[in-house]
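>>> Let's see this in three dimensions:
(chains A and B)
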Amino acid sequence: MPEEGMEDSKGGEERPKWNNKAEYLLTCIGFAVGVGNVWRFPYLCQIYGGGAFLIPYLIALVFQGLPLLYLELAIGQRLRMGSIGVWNSISPYLGGVGVASMVVSFCVSLFYNTIVAWVLWYLFNSFQEPLPWSQCPLNHNNTGYVEECVESTPVNYFWYRKTLNITPNMETSGSLQWWMVVSLATAWSIVYICFIRGIETIGKAVYVTATFPYLVLTIFLVRALTLPGAYEGLIYLFTWEILKNPQVWLDAATQIFFSLSVAFGGLISFSSYNNQKNNCEKDAVLVGVINSATSIYASIPIFAILGFKAHTNYVSCLNGNILALTNDFDISDMNITVENYEQWFDSLNGTHPSRVSDLNLKTCDLQTFLDQSASGTGLAFIVFTEAVISMPGSQVWAVLFFIMLFSLGLSSMFGNLEGVLTPLHDLKLVPKWMPNELFTAIICLLLFLMALIFCLGSGNYWLEIFNSYVGSVPFLIIAFFEIIAVAYIYGIGRFSDDLEFMTGHRPNIFWKVCWLVISPLMLFVVLVAYVAVQAQTPPTYAAWNPDYVNFPDTEVLPYPDWVFAICVLLSSVPVISIPLVAIYRLICCMSGRHSKDSLHNDPNPYANEDYVVERARP
Amino acid sequence: MLVRILVLLYLVGAPALAQTLCQPNASNGYRVRISIKTALGNQAYEWNENEMFLFQATMAFAMRRYYKTETYNVDNIIVCNQTRRVSFWFVVISPENPTMLIPKADVEKAVSALTTRLPCRPMSNSMSRHRINNAFLLTDRTLEFLGIHPTLAEPVNPDTPPWLIVFGVVIGAVFAGIIALLVSSLLQKRRKEKGMMEDGQDEEDRQMKGVENGINLDGIYNRGFTDDDRFTKL
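Numbering: from 1, shown residues only, chains lettered A, B, ... in the order given. Predicted coordinates for the structure are as follows:
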């Protein structure tokens, strides 16, 4: 049994360990459960109908998500290294997979923490009465309200102008927004303090960051279900349509994939700090199931609150019409109510149709308001903030909501950053004299300085680019190579032996079939379909331009050429390391030189070099 | 006789004249719109003659406050064209000359009299408007003078934005935590190093003893047996 050879290739230095199993599980759950569970999954349920979306979602979870999750946790725990070390061990030719993981984790950390910074900004601003996004500010000479705010809504104005100070297009970069820089610095400081002692401090932090969102979701659930209009919102969860739209399968597969945070390398790092004799099969199933259950659980209060918001908008639309009718026809105050509006309208329209049409009454349809859906930052910072204004005790709900988003984002950041730090440690790139705290500080500072690009006026546009191009295709490619590497290059037999060593029993036929056939096939199909869909959509972005003719609608602009080139680079550079490393190793091997892995540089009496070479050759 | 006829005419004609002065869309009149039920809901009061009298009295009060020289009375406020909505038109006539209407602009100034002394007020910026509203338990929205825009409520601008305060608290706590953790790590490392140095000394001793005696000491070093040479002699 070759355990000895692979056990402690770090050469005598003790690897940090989790204090207890709970910390490890909470960290993995916190990493998997992120802001996407709150603001992406409910959106997909809304546009496809909850009942219709859940079926492909659960199928994707069982056949694609869980096998990948089990695979990553198992190899991390067995080989006890970060992503680069693990893939180097499995096959030196596929060492590029680890490098790619690290690079994407690095890029994702950049923009993900900016989102956390935005959440912090809103959180800081929630401690005011009245909430700053509830009313328009006055203009310079106090004669009226700011025009941009009047034409759109106070909520939109606060997001686009007061928070982002967004430029009309990507070419205009604008300047650094100091309040954003301040929020970003806070976000990175908080990440740093949690990372200061590695998993020792992370393990303490996750007790709060991983559990607090559930508490807030429950509070919101109770509050939201008592709000008027909640029922209409929840209907979406129970609509059932025939699964005729193939797009639903693509969205379900990508959602489960990105939601579980595989291919970041973070999960491999976390499980590498485990005891080797830990039952990772149960852990994987637990994390996967809890992640999906959280998504579904989060949908309920979100939908209820969206229903409340639609109801509020509908009532205020009707009230506007009622006021116009009452004033024009001099009807007694409050004679027309929301309930009898239809009858009044019909009778007045029958007797004085021209006068009624001159009033330009708005058509108020509850369904139109309910169909307004938003995902991502739009849901959190525009739709939800608007709903919160109408709830009694707005400040409390706003604070709770943003602390919840902050916890979700922070616990995901742990995994993102861990996917960067652990491989760097394993590659022995850290000089011996440098303490870990200093190294972590340097990395955090570097990421903070690079993320300042998102604090420019055009920062939001850049973030969308990073999100769409870095946070999508590269992961699919990495995961595909991961599963091929383990199932075919490492060998399912050897992998089963390792699993038997760790969990005490061999994996059953379900896992084997998934790893060998179903998951790679699904990943490949999803990858091809995703690229095909992306290629068909023209590369455009939605810009917020106050001078636009149709303002407040966003202006759809095409990407400038240089930006499009950057998009292509962002998608390809992370994964280019996979073929590059393979070619490099091939050249080294063919030139006859002994391929010395950097990991085996230090003389470790337990590492039998000859045995390593034999394993490396497929 | 003539005098009596004139007096009769005057007594009859004056209100009639007054009525002709007050007309919908009069050039010097304002339309008022009141929404009591919207403002007060269940506690809405009935709009009747007495409320109208109060309105005329408050308008006279507003005119008196603004034009401190002239004494306006309830008779100087003429109301007409009342609807169920509750809305009506009113004009103001001068106390000295009942046929002279007070110009629109002057009435507007009296209603929305700005005070320059007080800096900010949460609701209405005008003192008179505020008093008028309060007399009827209404607000700028529910007691409308069509044509007179309520001055916009100035936002309360604190010196330090509140978010900066929250930020200061959070960042202070985080930095304090970072420094505390770094310092404690440093202390821990120093303590470990000191402990290892002592261990190193003992190991050295052990090895030296081993070499000296020529026998490999396999057992556990007995700390009770200290090397007295290291301590100062008593």
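
>>> Mind listing what's buried along stretch A:570-577?
The neighbour-count check on stretch A:570-577 (16 or more other CB atoms under 10 Å in any protein chain shown) flags A:Leu570, A:Ser571, A:Pro574, A:Val575, A:Ile576, A:Ser577 as buried. Backbone N, C-alpha and C define where each C-beta goes, glycine included.

>>> Stretch A:196-203 now?
Those would be A:Ile196, A:Arg197, A:Gly198, A:Ile199, A:Thr201, A:Ile202, A:Gly203, for stretch A:196-203 by 16+ other CB under 10 Å.

>>> Other residues contacting it?
Where contact means CB atoms under 8 Å, 6 or more residues apart in numbering or on different chains, the residues beyond stretch A:196-203 that reach it are A:16-19, A:23-24, A:27, A:193-195, A:270, A:273, A:414, A:418, A:436-437, A:440, B:178, B:181-182, B:185.

>>> Report the buried members of those.
Neighbour-count burial (16+ other CB under 10 Å) is assigned, among the contacts of stretch A:196-203, to A:18, A:23-24, A:27, A:193-195, A:270, A:273, A:414, A:418, A:436-437, A:440, B:178, B:181-182.

>>> which stretches of the chain have low pLDDT?
The chain I'm using is chain A. Applying pLDDT under 70 to chain A picks out residues A:1-13, A:242-243, A:592-618.

>>> wrong chain, I was asking about chain B
Along chain B, segments meeting pLDDT under 70 span B:9-19, B:113-127, B:151-157, B:199-234.

>>> At the contact with chain A, which residues of it appear?
Counting by CB under 8 Å from any CB of the partner chain, the residues of chain B close to chain A are B:33-38, B:83-87, B:152, B:154-155, B:162-167, B:170-171, B:174-175, B:177-178, B:181-182, B:185, B:189.

>>> circling back: now the buried residues of stretch A:196-203 in JSON lines, with distance to A:Val150 and secondary structure?
Shown next, in JSON lines, are these (distance: CB to CB, whole Å; DSSP: H, G, I helix; E, B strand; the rest coil):
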{"residue": "A:Ile196", "distance to A:Val150": "48", "secondary structure": "coil"}
{"residue": "A:Arg197", "distance to A:Val150": "51", "secondary structure": "coil"}
{"residue": "A:Gly198", "distance to A:Val150": "52", "secondary structure": "coil"}
{"residue": "A:Ile199", "distance to A:Val150": "51", "secondary structure": "helix"}
{"residue": "A:Thr201", "distance to A:Val150": "48", "secondary structure": "helix"}
{"residue": "A:Ile202", "distance to A:Val150": "47", "secondary structure": "helix"}
{"residue": "A:Gly203", "distance to A:Val150": "50", "secondary structure": "helix"}
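
>>> ok, of those, which one's closest to chain B?
The shortest approach to chain B among the buried residues of stretch A:196-203 belongs to A:Ile196, at 5.0 Å (CB to the nearest CB).

>>> what's the spacing between the closest one and A:Asn416?
Applying CB to CB, to the nearest Å, the value for A:Ile196 to A:Asn416 is 17 Å.

>>> Show me what the biggest helix by length in chain B packs onto, helices and strands only.
Across chain B, the longest stretch assigned as helix under DSSP state H is helix B:162-213. Under the contact definition 3 or more CB pairs under 8 Å, 6 or more residues apart in numbering or on different chains; DSSP states H and E, helix B:162-213 sits against helix A:95-125, helix A:178-195.

>>> most packed of these?
helix A:95-125 (a mean of 25; mean count of other CB atoms under 10 Å in any protein chain shown).

>>> residues of the helix or strand following that helix that come out buried?
Sequence order places helix A:147-151 as the next helix or strand after helix A:95-125, per DSSP states H and E. By 16+ other CB under 10 Å, the buried positions in helix A:147-151 come out as A:Glu148, A:Cys149.

>>> Please enumerate the strands of the chain.
You didn't pick a chain, so chain A it is. A:540-543, A:555-558 (DSSP state E).

>>> wrong one, chain B
Using DSSP E, the strands of chain B run over residues B:30-34, B:77-80, B:87-92, B:143-146.

>>> what ranges do the helices span in the stretch 351-500 of chain A?
Along the stretch 351-500 of chain A, the stretches classed as helices by DSSP state H, counting those that start in this stretch are A:353-358, A:366-371, A:377-378, A:385-390, A:394-426, A:436-450, A:459-465, A:473-484, A:492-503.

>>> So which of those is nearest chain B?
Of the helices of the stretch 351-500 of chain A, the one closest to chain B (CB to the nearest CB) turns out to be helix A:436-450, at 6.0 Å.

>>> Just confirm yes or no for the closest one near chain B.
Yes: shown here: helix A:436-450 in contact with chain B (CB under 8 Å from any CB) through A:Glu437.

>>> need the contact list for A:Gln247.
Per CB under 8 Å, 6+ apart, neighbours of A:Gln247: A:Val533.

>>> Could you check how far it is from A:Tyr530?
11 Å.

>>> And for A:Phe127?
A:Phe127 sits 42 Å away from A:Tyr530, going by CB to CB.

>>> More neighbours: those two, which one.
Higher neighbour count among A:Phe127 and A:Tyr530: A:Tyr530, with 18 against 15, using other CB atoms under 10 Å in any protein chain shown.

>>> contacting residues for the more buried one?
A:Leu250, A:Thr254, A:Ser472, A:Val473, A:Leu476.

>>> Tell me how many other residues crowd the last one.
Looking back up the chat, that one is A:Leu476. With other CB under 10 Å as criterion, A:Leu476 counts 22.

>>> Help me confirm that it comes into contact with A:Val526.
Yes: using CB atoms under 8 Å, A:Leu476 is in contact with A:Val526, at 6.4 Å.

>>> Mutual contacts of these two, please.
Shared contacts of A:Leu476 and A:Val526, counting by CB under 8 Å, 6+ apart, come down to A:Thr254, A:Phe257.

>>> residue in the stretch 101-250 of chain A nearest to chain B?
Counting by CB to the nearest CB, the stretch 101-250 of chain A gets nearest chain B through A:Phe124, at 3.8 Å.
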